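output the structure for:
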Amino acid sequence: MKNEIVEYTNLSENRIQHIGSTAIKGMSAKPIIDILVGVDDLSEVDKPLLKNFSKIGFLRLKVERPGEIVLAKFTDDTYEEKTHFIHLVEYQKELWGNLVFFRDYLNSNETARKEYLDIKMDYLKNSSTGVSEYTDFKEEFVKSIFEKRKS
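Down below sits the predicted model:
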């Protein structure tokens, strides 16, 4: 078991990255840290690994996202307020590259960063529904940045 965890979190390959709004300079964000963790094969993520995450307070969410397993850490046993997300994705595959590119692009492009902030603020002014609705609201913009990676 110990070797499996080392394989999934080989730091020498930068398999752990800080992503999300808290990783973008000057971006308003909830105080939640998003951590991207690269694994060799998502289908090989097994129950013992998820159990070890659980032991340190990260619980698998029922969020269904293609190519991704999402875990969250909460402030307490009410499971209402999250402090961290872990996004398990396949290392160096398309989703990994897109998420890292999105962060880096917004950090290097003030216009895109401001546009993203405006989208986030517009959502907060007009809605206060759940995470899925928030993600859907931002999706068009996020995908437009992913497209820039291909060109």
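
only C-alpha atoms for contact and neighbour calcs from this point on.
Noted.

beta partners of residue 87?
Taking DSSP bridges, one obtains residue 36, residue 70 as the residues bridged to residue 87.

got any ranges where this structure has weak pLDDT?
Low-confidence segments of the chain (pLDDT under 70): 1-12, 128-131.

gap between residue 90 and residue 54?
Applying C-alpha to C-alpha, to the nearest Å, the value for residue 90 to residue 54 is 20 Å.

between these two, which is the more surrounded one?
Taking neighbours as other C-alpha atoms under 10 Å, residue 90 and residue 54 compare with residue 90 leading, 23 against 15.

so who does the more buried one touch?
38-42, 67-68, 96 (C-alpha atoms under 8 Å, 6 or more residues apart in numbering).

as TSV, those residues with secondary structure and neighbour count would be great.
Shown next, in TSV, are those (DSSP: H, G, I helix; E, B strand; the rest coil; neighbours: other C-alpha atoms under 10 Å):
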residue	secondary structure	neighbour count
38	strand	25
39	strand	23
40	coil	16
41	coil	13
42	helix	15
67	coil	16
68	strand	18
96	helix	22
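
export these to JSON lines and append columns for distance to residue 108.
Below are the contacts of residue 90 laid out as JSON lines (distance: C-alpha to C-alpha, whole Å):
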{"residue": "38", "distance to residue 108": "23"}
{"residue": "39", "distance to residue 108": "27"}
{"residue": "40", "distance to residue 108": "29"}
{"residue": "41", "distance to residue 108": "31"}
{"residue": "42", "distance to residue 108": "30"}
{"residue": "67", "distance to residue 108": "27"}
{"residue": "68", "distance to residue 108": "26"}
{"residue": "96", "distance to residue 108": "18"}
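
pull out the buried residues from the helix or strand hosting residue 50.
For residue 50, the host element (DSSP states H and E) is helix 47-55. Going by neighbour count (16 or more other C-alpha atoms under 10 Å), the buried part of helix 47-55 is 49, 53.

what's the answer for stretch 96-108, then?
By neighbour count on 16+ other C-alpha under 10 Å, the buried set for stretch 96-108 is 96, 98-103, 105-107.

now do stretch 116-127
Using 16+ other C-alpha under 10 Å as the test for burial, stretch 116-127 gives 116-117, 120, 123.

closest to residue 83 among these?
residue 120 (19.0 Å; C-alpha to C-alpha).

from what I can see that closest one touches residue 136, true?
No - Residue 120 is beyond contact range of residue 136, at 11.4 Å (criterion: C-alpha atoms under 8 Å).
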